[in-house]
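Trainee: Sequence below, structure please.
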Amino acid sequence: MERWAIVEFDQLPEDNKKSPIISILVFVAVYASNSTRDIGKEYLFRWDKVSGDGNKKLLRYFRRVHDIGWAESAEIRKSDDDETIGVYMDRKLAEITLCEDKRKAILTFDDGKKHVLKVKKENDGLNIYAGNREYILSELFWLFTLGIFILITCIASLYYTELIWQLDTEKMKYFNLNYKSGLFIITICLCIFYLLSMVSFLRELLENVGHTIPLLSKELLVLYSSIMGVFLGILINVVIYIIDFTHAL
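Mentor: Predicted coordinates:
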């Protein structure tokens, strides 16, 4: 019985040639979209180095995330108890205060707006990371981007995939996957990765729900929740498709 056959790429039919090309494009697109998560991985500044060498990183955070022009010429001061960092020009414009558990810091602007920053003890010091609001927005954008590519890949895989199975003389079931089915397998892997990413995001959200929800508008939460719900529905349909296919064997 024929199981697998090695065929030169030039000898493949045109439809079969498209499958690996699409797979490569999807991989590159998903890999590129991962750059949206960088804001949550790299620490913004080191608490122990402010005021000092860490000032530049702190001011860069204000410019990069909050788009604040005055950060170029602001003055950084730290309180005597090492618990508060103030940002000044002619008056106090912002203040960062460490929480008692040293796991979070609260950034408060002069207009009353607040942001929660993450604090991690690393290398005998405190590193400050993007807070829940920035983390959630970057994670939601990552999930949204990945979901789009899963949708595209899913549609493409259903169009290009051919699953051919044969029965041997002992009535044992086998199936051969040709080149087109590679895209289908990639779709399944992406779906699993998407679910794991969503679980990780929801766990992080629940751990910080007290600090997070007030910083996000209800409209934004509803929008992204709806989008993730659509993609979850797609994943469920993919699972049903796999179950139906298994029963057909």
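Trainee: following the biggest strand by length in the chain, which helix or strand comes up?
Mentor: Assignment by DSSP state E gives strand 114-122 as the longest strand of the chain. Downstream of strand 114-122, the first helix or strand assigned by DSSP states H and E is strand 125-129.
Trainee: Give me the average confidence score over the longest strand of the chain.
Mentor: Average pLDDT, strand 114-122: 80.
Trainee: between it and strand 125-129, how many degrees?
Mentor: Relative orientation of strand 114-122 and strand 125-129, computed by axes from the mean of the first three to the mean of the last three CA atoms, to 10 degrees: 140 degrees.
Trainee: In the sheet, which strands lie alongside strand 114-122, parallel or antiparallel?
Mentor: Strand 114-122 sits in its sheet next to strand 104-109 (antiparallel), strand 125-129 (antiparallel), going by DSSP bridges.
Trainee: Let me have these in CSV, extended by mean neighbour count.
Mentor: C-betas here are computed from N, CA, C, even on glycine. Below are the strands paired with strand 114-122 laid out as CSV (neighbours: other CB atoms under 10 Å):
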stretch, mean neighbour count
strand 104-109, 18
strand 125-129, 19
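Trainee: domains in this protein, as residue ranges please.
Mentor: Described in terms of automatic domain parsing, the domain architecture of the chain consists of the residue ranges 9-38+134-248, 45-129.
Trainee: Tell me the span between the first and last residue of the shortest one.
Mentor: End-to-end span of domain 45-129 (CA to CA, to the nearest Å): 7 Å.
Trainee: Kindly report the same for stretch 50-60.
Mentor: 13 Å.
Trainee: Now do it, average pLDDT.
Mentor: 69.
Trainee: now the closest residue to residue 129 other than its chain neighbours, which residues is it bridged with?
Mentor: Residue nearest to residue 129 in three dimensions, not counting chain neighbours: residue 118, with 4.1 Å by CB to CB, 6 or more residues apart in numbering. Counting by DSSP bridges, residue 118 is bridged to residue 104, residue 129.
Trainee: I'd assumed residue 102 was in contact with residue 118.
Mentor: No: using CB atoms under 8 Å, residue 118 is not in contact with residue 102, being 11.0 Å away.
Trainee: who's more crowded, the two?
Mentor: With neighbours defined as other CB atoms under 10 Å, residue 118 and residue 102 compare such that residue 118 has more, 19 against 13.
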